[in-house]
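Trainee: After the sequence you'll find the predicted model.
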Amino acid sequence: MFATEFLDLPAFDAAAGQVHLPGSKSISNRVLLLAALSEGDTVVHDLLDSDDTRVMLDALRALGCGVQSRAGSVTITGFGARGPAAQARLFLGKAGTAMRPLAAALAVRGGDYELSGVPRMHERPIGDLVDALRQLGCSVDYLGHEGYPPLRIGRADALELDAPIRVRGDVSSQFLTALLLALPLVALQDVVIEVAGELISKPYVEITLNLLARFGVQVRRDGWQRFTIPAGSRYVTPGEIHVEADASSASYFAAAGAIGSPQGVRILGVGLDSIQGDIRFLEAVQAMGGKVASGPNWIEVSRGAWPLKALDLDCNHIPDAAMTLAVMALYADGTTTLRNIASWRVKETDRLAAMAAELRKLGAAVDEGEDFLRVTPPAHGQWRPATIHTYDDHRVAMCFSLPAFNPAGVSVRIEDPKCVAKTFPDYFEALFVLVQ
């Protein structure tokens, strides 16, 4: 991993070869929590090794889980029916995939817990989840600003499970995911969750439902508005589970193939049958003119149409990978519009504002709305060298490696490249193996 204050990218002419991706962050942290909530040992293969999974593992140790690492796998000894340690102070960095589900799981169990993170985590809303937990009778208090972490969780008295639990779906799908992961712990009767408003980022909820089934809990759902956890649900370890490679991280290499590879870039560790919604990014790549081939556990992308074709796309189904489309738009034959991306504003940074600001530095014309981004590429010869501010956001840093393929050969400097450690510590090394 590059530990410098900035990284100057040379002009890239082309990309070719193959890359093996790290495990999915979304799958990794869900699997770790599910393994912790199960009885016995779960061997997790191909777990992502990153900042986000390390804080989750540290939290599970503090809560009384056994964690044993071997080459290529981690064995989690769950606390199962005996429950977690009754008291803990947990620092969860900037991992939303740890903060939200752990808050819910610990709140329904009850105890004496404090959950905190980095300053940006304390700016990411959690009020809708806390409101839902309080409906149940959980004790959750804010230690700072109302509606945001850090949190104090106290004893849970008799929980109110007769009425449906309502949670908003239009801010973050992680609130629903957190409830789905936590409520099997207390499902002495059917427990119903109702989603208020449109549920965004549905594919991430699909990941949750798929993994719940792998651990023995079959959730019934009525569309995307009503979810029922059956009475008597309990977590059962599958014994072993493999983590797919990260489909969101695949987007950068797929884009590199579509932009700069007549020969093709092959991505190993994930295929078109992935359970991750961001795999549908490849449909957008094809719509922009890229060529996509695939097989068992691999994808290959090469340049087809050039310049790329501009898009007008609702991106609710690929919220993280849509950031990569915003940078691919620099190479398109017109204006690309990405819609339904309001969730970008409550991520590691306000990603809508960040992407607009950095794209403009390169010479693009950008129109930023509450839930859309419209990008017109620089005119021929109008690309500008740029120093990209990364906002301590791994996806901003990885996205803005792609302008190094620009036809003008202008320089691109990435500030704080080490922020990619959140999900892909060796991203730039992997990229440099492919490019010429």
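Mentor: All right, it came through fine. Residues are numbered from 1 along each chain as shown.

Trainee: what pLDDT does the most far-flung residue of the chain relative to its centre get?
Mentor: Relative to the centre of the chain, and counting by CA atoms, centre = their mean, the farthest-placed residue is Gly381 at 35.5 Å. Gly381 is assigned a pLDDT of 83 by the prediction.

Trainee: what's it sitting at in phi/psi?
Mentor: Dihedral pair for Gly381: phi 80, psi 0, per degrees, to the nearest 10.

Trainee: List the contacts of it.
Mentor: Applying CB atoms under 8 Å, 6 or more residues apart in numbering to Gly381 gives the contacts Ala408. C-beta: built from backbone N, CA, C; applies to glycine.

Trainee: And the residue nearest the centre of the chain, how far from Ala321?
Mentor: Residue closest to the mean C-alpha point of the chain, counted by CA atoms, centre = their mean, is Ser26 at 5.2 Å. Distance of Ser26 to Ala321, computed by CB to CB, to the nearest Å: 12 Å.

Trainee: cool, and Gln382?
Mentor: In terms of CB to CB, Gln382 sits 27 Å off from Ala321.

Trainee: The two: which has the busier surroundings?
Mentor: Applying other CB atoms under 10 Å to Gln382 and Ala321 shows that Ala321 carries more neighbours, namely 28 against 11.

Trainee: what's the helix or strand for the residue nearest to the residue nearest to the centre of the chain when sequence neighbours are not counted?
Mentor: Spatial nearest neighbour of Ser26, chain neighbours left out: Ile207 (5.6 Å); criterion: CB to CB, 6 or more residues apart in numbering. Following DSSP states H and E, one finds Ile207 within helix 202-214.

Trainee: Now Leu63. Its backbone dihedrals?
Mentor: Here is the backbone geometry of Leu63 (degrees, to the nearest 10): phi -90, psi 0.

Trainee: next one: the one 10 residues further on
Mentor: Here the main-chain torsion angles of Ser73 (degrees, to the nearest 10) amount to phi -150, psi 160.

Trainee: got it, and the one 4 residues further on?
Mentor: Here is the backbone geometry of Thr77 (degrees, to the nearest 10): phi -100, psi 110.

Trainee: pretty sure it contacts Gly66?
Mentor: Yes - between Thr77 and Gly66 there is a contact at 3.1 Å, judged by CB atoms under 8 Å.

Trainee: Please spell out the segments of the stretch 1-150 of the chain that come in under the pLDDT threshold.
Mentor: Scanning the stretch 1-150 of the chain for pLDDT under 70 picks out 1-3.

Trainee: Which parts of it are strands?
Mentor: Counting by DSSP state E, counting those that start in this stretch, the stretch 1-150 of the chain has strands at residues 6-9, 17-20, 39-45, 66-70, 73-79, 87-91, 112-116, 140-142.

Trainee: so can I have CSV of those showing distance to Asp350 and mean neighbour count?
Mentor: Shown next, in CSV, are the strands of the stretch 1-150 of the chain (distance: least, CB to CB, whole Å; neighbours: other CB atoms under 10 Å):
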stretch, distance to Asp350, mean neighbour count
strand 6-9, 22, 16
strand 17-20, 30, 16
strand 39-45, 33, 17
strand 66-70, 34, 12
strand 73-79, 34, 20
strand 87-91, 23, 16
strand 112-116, 21, 20
strand 140-142, 21, 17
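
Trainee: could those strands be laid out in a markdown table, adding distance to Tyr252?
Mentor: Formatted as a markdown table, the entries for the strands of the stretch 1-150 of the chain read as follows, by distance: least, CB to CB, whole Å:
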| stretch | distance to Tyr252 |
| --- | --- |
| strand 6-9 | 13 |
| strand 17-20 | 9 |
| strand 39-45 | 24 |
| strand 66-70 | 27 |
| strand 73-79 | 26 |
| strand 87-91 | 29 |
| strand 112-116 | 31 |
| strand 140-142 | 36 |
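
Trainee: To Thr53, which of these lies closest?
Mentor: For the strands of the stretch 1-150 of the chain, proximity to Thr53 was assessed by CB to CB; strand 73-79 is nearest, at 8.9 Å.

Trainee: Distance check, the residue nearest to the centre of the chain against Gln276.
Mentor: Distance of Ser26 to Gln276, computed by CB to CB: 7 Å.

Trainee: what touches both of the two?
Mentor: Common neighbours of Ser26 and Gln276 (CB under 8 Å, 6+ apart) are Ile207, Asp246, Ser248.

Trainee: any idea how far the closest residue to Arg109 other than its chain neighbours is from Leu185?
Mentor: Leaving out its chain neighbours, the residue that sits closest to Arg109 by CB to CB, 6+ apart is Gly83, at 5.5 Å. Distance of Gly83 to Leu185, computed by CB to CB: 8 Å.

Trainee: what residues do the two have in common as contacts?
Mentor: Between them, Gly83 and Leu185 share the contacting residues Arg109, judged by CB under 8 Å, 6+ apart.

Trainee: any residues in contact with both of Ser26 and Ala321?
Mentor: Joint contacts of Ser26 and Ala321 (CB under 8 Å, 6+ apart) are Ser248.

Trainee: show me what contacts the residue nearest to Arg168 when sequence neighbours are not counted?
Mentor: Once flanking residues are discounted, Arg168 sits nearest to Asp128: 4.3 Å by CB to CB, 6+ apart. Counting by CB under 8 Å, 6+ apart, Asp128 touches Val167, Arg168, Val171, Ser172, Phe175.
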